[in-house]
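S.K.: pasting the sequence and the predicted model now:
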Amino acid sequence: MIINKKWVGIGLCAILLIGMASFFLNKAGKVANLQTKTIIPVEDRVQALVFDDMAGMLFVGSYQNRVDGILLSGEKRWEFPTNNVVTDLVLGSNNSLYVSSDDQHIYVLDRMSGTLKNDFHIQRRVYDIDIDSTGSYMVVSAGTTPTKHFIYLYSLNDNALLWQVPIHATCNSVIFSSDDSRIFVGNNRSELIALDRGGTELFTITLDTEIRGLAPAVHDMGVTVATNYGTLYDIDSKGNTARTQSFAFSDTLNGFAYDKKTDLYMLGGSSGEFYVLSNEWEVLYSSTLPVSISTFAFSDDTLFIGSLGEPIYGVSLDTFLTSKNIAKFSYMLKYLIIALVLLLIVSIIVAFQPILEKTVQVGKTLQKHKTAYLLLLPTFIMLFLFMYFPIGEAFFRAFTDWNVRSKDIRFIGLENFRKMVTEGYFLIGIKNLFLFGIADMLKVVTIPLLIAELVFALRSPNARYWFRFFFVLPLVVPMIVTILMWKNIYDPTIGLLNQLLDAMNLEGLQRVWLGEAATARGSIIGINFPWIDGFAFLIYYGGLINIPTQLFEAAEIDGAGRWWNFTRVHLPLLSPQFKILIILKFIGAIQNFMPIYILTGGGPGTATYVPGLELYYHATTFGNYGYACALGVAMFVFIFIGTFFNMKIRTQSQN
């Protein structure tokens with residue numbers, strides 16, 4: 001064999017460079033990965049967060065009627081009980097922490113000790129509060145009902161109520177503008193209301209949906225508004241929309257914040273989506289947490305993320321500030337790896353003479369028959385795009401964490417397959433699948449064969465024709481119609497089965513056939529009773545009419561009866577039909593879950609759960625696409641093994 005050493009060297013260099021690029025790509029992914037976060041344990045769902053740089057303390061307002069002062073080490077310094085859920089926390093002047101609660105109070109606490117310094121009794125549920133930049137005024141959003149909601153302005157110098165303005169809608173957000181000259185209010189009727197310092201309405205504008213958060217605008221003296229479905233609006237001081245942009249959330253936006261020091265916006269969703277934006281709303285970072293995000297707080301170097309799943313996540317701000325450059329570097333490495341792989345393929349072809357000669361020969365063949373191949377090219381492209389590429393992609397994605405809650409697709413190796421055999425549902429599904437598969441195979445090799453034999457034994461051609469017609473006719477009825485019919489038959493109140501038992505005075509045998517674990521499996525197996533499969537009947541009947549008549553004539557001369565013909569002639573010569581029907585039923589049993597999905601949904605409990613249903617739920621309901629791909633790969637392996645052994649047995653029998 002002639003070997004081109006120069007191209008061998010190029011190929012080895014390409015392999016080395018692919019390894020190095022893959023190593024750096026993996027490192028880059030870890031640097032920008034939110035999984036490197038720190039976690040501060042808390043005892044309950046977090047409703048509000050604020051960080052005090054001077055004291056180095058994080059203040060946490062919880063769902064369980066409590067405010068905690070926690071050091072970054074996780075040590076709790078103090079605890080202050082409220083009489084209802086904490087709704088907001090704001091740092092004030094003179095070492096004060098303002099705490100609003102659903103118990104109609106705003107508590108003023110000492111930050112270091114948590115002792116009570118003052119108490120504002122609003123006599124209405126408090127939704128949100130804000131304090132101006134001088135620490136002299138506090139604006140409060142509070143109400144008893146949506147039609148009895150008020151905005152209050154207090155002077156903190158003498159604790160006096162200056163004014164109150166009625167708002168006929170629930171206002172979840174209220175803030176001062178950056179220059180303290182006006183107050184912005186957002187309500188659940190999608191309205192943004194601007195008030196001056198005297199409480200006079202300046203303007204009201206209506207946005208796309210409920211307002212979830214407000215922040216002082218970077219440009220002008222306006223406001224940035226975050227709405228329920230993840231749309232941001234920049235509203236200037238005159239009520240004009242300066243810009244708008246939408247961000248993808250699978251559910252709703254819960255958390256919204258702006259940090260003046262770093263000039264960054266934070267968006268958090270109820271399904272864990274998480275965005276970090278520049279002041280121009282460019283996405284610097286996006287990821288997904290395994291909890292519902294509720295609120296944010298900032299220190300000099302860390303972002304704290306409060307959640308409705310109990311922990312508080314602390315993430316270095318450097319992660320976000322450098323993530324954009326890391327992302328660009330990662331894209332460059334990916335394209336470099338693709339180019340190196342192509343170079344490796346070329347070097348292998350050129351380095352080894354037989355491979356090069358074969359490649360040249362294929363090229364000449366393509367050149368010779370280029371017209372035919374050009375005409376076939378669209379077909380090959382369509383096959384690749386819509387069949388082979390999705391299959392290959394599914395195999396690759398089976399080893400990744402690909403889900404609807406995150407834009408990032410992380411390689412996790414065999415984790416999906418480990419989950420498959422440890423969480424229990426897949427193994428339960430395999431057990432049920434084995435039972436249903438055996439039942440399907442028994443049904444397909446018994447009743448349809450018997451019916452085919454009976455029709456074949458008829459003397460009259462007309463009788464054969466009409467019986468064939470009536471047995472095959474049900475094939476034109478959609479499967480969904482048949483399943484829904486059987487669902488009505490099994491209905492515990494008006495179903496035919498229970499009504500028939502009642503008519504026969506067998507009330508004791510009546511059951512909720514699809515709702516009891518003891519009867520659900522049998523009910524699924526009983527569908528289509530008496531199990532005359534029209535397709536299987538045709539296969540068997542086609543096999544019978546193709547048996548040479550000479551065999552029957554010879555058997556008749558020898559005095560053979562019907563049973564002898566059946567056991568010694570029919571069954572051996574129908575073995576190809578048996579094999580094809582068994583393998584088709586085997587494949588169908590693994591893939592088909594529609595009757596179970598419609599009739600029981602896998603229940604009661606897991607009595608009728610099968611792997612196909614598990615795949616469907618994870619791909620459509622749960623959005624765990626990577627895990628669904630892994631389930632598909634596992635099912636493919638089972639089908640491949642079954643088909644392989646069937647073909648091997650068939651080949652051996654033919655030999």
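M.R.: Structure received. Numbers count the residues shown, from 1 in each chain.
S.K.: the bottom helix or strand of the chain by mean pLDDT?
M.R.: strand 38-40 (a mean of 70; mean pLDDT, DSSP states H and E).
S.K.: dump the following helix or strand past that one to PDB, keeping only the CA atoms.
M.R.: The first helix or strand that comes after strand 38-40 along the chain, using DSSP states H and E, is strand 46-52. Taking Å, rounded to 0.1, in the frame of the first residue of the first chain, the C-alpha atoms of strand 46-52 are listed here in PDB:
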ATOM      1  CA  VAL A  46     -38.000  34.100  48.700                       C
ATOM      2  CA  GLN A  47     -40.300  37.000  48.000                       C
ATOM      3  CA  ALA A  48     -37.900  39.900  48.300                       C
ATOM      4  CA  LEU A  49     -34.100  40.500  48.400                       C
ATOM      5  CA  VAL A  50     -31.800  43.400  49.100                       C
ATOM      6  CA  PHE A  51     -28.100  43.500  49.900                       C
ATOM      7  CA  ASP A  52     -26.300  46.000  52.200                       C
END
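S.K.: sheet-wise, list the partners of the helix or strand just after strand 46-52 with their directions.
M.R.: Once the chain leaves strand 46-52, the next helix or strand it forms, by DSSP H and E, is strand 57-62. Note on strand 57-62: by DSSP bridges, its sheet partners are strand 46-52 (antiparallel), strand 66-71 (antiparallel).
S.K.: buried residues of the shortest one, list them for me.
M.R.: When burial is assessed from 16 or more other C-beta atoms under 10 Å, strand 66-71 yields the following buried residues: 66-70. (C-beta placed from N, C-alpha, C; glycine too.)
S.K.: and the average pLDDT for the helix or strand that contains residue 637 is what?
M.R.: Under the criterion of DSSP H and E, residue 637 resides in helix 625-654. Helix 625-654 shows an average pLDDT of 78 in the prediction.
S.K.: quick one, what contacts residue 411?
M.R.: Contacts here follow C-beta atoms under 8 Å, 6 or more residues apart in numbering; on that basis residue 411 touches 399-400.
S.K.: let's see that with 6 Å instead.
M.R.: Residue 411 makes contact with residue 400, according to C-beta atoms under 6 Å, 6 or more residues apart in numbering.
S.K.: shaky segments in this protein?
M.R.: Low-confidence segments of the chain (pLDDT under 70): 1-2, 26-38, 218-219, 310, 319-328, 331, 405-408, 424, 558, 646-655.
S.K.: send me stretch 621-631 as CSV with only the CA atoms.
M.R.: C-alpha atoms of stretch 621-631 as CSV (Å, rounded to 0.1, in the frame of the first residue of the first chain):
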residue,chain,number,x,y,z
THR,A,621,-45.7,18.1,28.0
PHE,A,622,-42.5,18.3,30.0
GLY,A,623,-40.3,19.7,27.2
ASN,A,624,-37.4,17.4,28.0
TYR,A,625,-36.3,16.9,24.4
GLY,A,626,-32.9,15.4,25.2
TYR,A,627,-34.4,12.8,27.5
ALA,A,628,-37.1,12.1,24.8
CYS,A,629,-34.3,11.5,22.2
ALA,A,630,-32.6,9.1,24.6
LEU,A,631,-35.9,7.2,25.0
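S.K.: can you list the residues that contact it?
M.R.: Stretch 621-631 is contacted from outside by 394, 397-398, 400-404, 416-417, 614-615, 618-619, using C-beta under 6 Å, 6+ apart.
S.K.: in a helix, residue 332, correct?
M.R.: Yes: under DSSP: H, G, I helix; E, B strand; the rest coil, residue 332 falls within a helix.
S.K.: just to revisit the earlier point, any chance of the strands paired with strand 57-62 in CSV, plus distance to residue 196?
M.R.: Putting the strands paired with strand 57-62 into CSV (distance: least, C-beta to C-beta, whole Å) gives the following:
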stretch, distance to residue 196
strand 46-52, 27
strand 66-71, 32
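S.K.: let me know the outermost residue of this protein.
M.R.: residue 557 (69.0 Å; C-alpha atoms, centre = their mean).
S.K.: next up, the contacts around it.
M.R.: Residues counted as contacts of residue 557 (C-beta under 6 Å, 6+ apart): none.
S.K.: measure it to residue 317 for me?
M.R.: Computed as C-beta to C-beta, to the nearest Å, the residue 557 to residue 317 distance reads 96 Å.
S.K.: again with residue 399
M.R.: In terms of C-beta to C-beta, residue 399 sits 32 Å off from residue 317.
S.K.: residue 400 now?
M.R.: The gap separating residue 400 from residue 317 is 28 Å, by C-beta to C-beta.
S.K.: now the helix holding residue 637, how far from the centre of its chain.
M.R.: Here helix 625-654 is found 27 Å from its chain centre; the criterion is C-alpha atoms, centre = their mean, to the nearest Å.
S.K.: so which elements touch the helix or strand hosting residue 287?
M.R.: Assigned by DSSP H and E, residue 287 falls within strand 283-288. Under the contact definition 3 or more C-beta pairs under 6 Å, 6 or more residues apart in numbering; DSSP states H and E, strand 283-288 sits against strand 273-277, helix 317-351.
S.K.: try 10 Å this time
M.R.: Contact partners of strand 283-288 among helices and strands, from 3 or more C-beta pairs under 10 Å, 6 or more residues apart in numbering; DSSP states H and E: strand 264-269, strand 273-277, helix 317-351.
S.K.: in its sheet, what does that strand sit against?
M.R.: strand 273-277 (antiparallel).
S.K.: in the strand it pairs with, what's buried?
M.R.: For strand 273-277, burial by neighbour count (16+ other C-beta under 10 Å) applies to 273-277.
S.K.: so which residues of the stretch 401-550 of the chain form helices?
M.R.: 415-422, 425-444, 447-456, 461-472, 479-489, 496-503, 517-525, 534-545, 549-557 (DSSP state H, counting those that start in this stretch).
S.K.: picking up where we left off before, distance to residue 473 for the helices and strands packed on strand 283-288 - can I get that in a markdown table?
M.R.: Listed next are the helices and strands packed on strand 283-288 as a markdown table, based on distance: least, C-beta to C-beta, whole Å:
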| stretch | distance to residue 473 |
| --- | --- |
| strand 264-269 | 53 |
| strand 273-277 | 53 |
| helix 317-351 | 55 |
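S.K.: how close does residue 314 get to residue 68?
M.R.: In terms of C-beta to C-beta, residue 314 sits 15 Å off from residue 68.
S.K.: likewise for residue 587?
M.R.: For residue 587, the distance to residue 68 (C-beta to C-beta) stands at 58 Å.
S.K.: residue 278 is in contact with residue 259, isn't it?
M.R.: No: between residue 278 and residue 259 there is no contact under C-beta atoms under 10 Å: 11.5 Å.
S.K.: any shared contact partners between these two?
M.R.: residue 265 (C-beta atoms under 10 Å, 6 or more residues apart in numbering).
S.K.: got a list of contacts for stretch 379-399?
M.R.: With C-beta under 10 Å, 6+ apart, stretch 379-399 has contacts from 373, 402, 409-417, 625-634, 636.
S.K.: thinking again about what came up before, so what's the gap between the very next helix or strand once past the strand holding residue 287 and the chain middle?
M.R.: Later in the chain than strand 283-288, the nearest helix or strand by DSSP H and E is strand 293-298. A distance of 24 Å separates the C-alpha centroid of strand 293-298 from that of its chain, computed with C-alpha atoms, centre = their mean.
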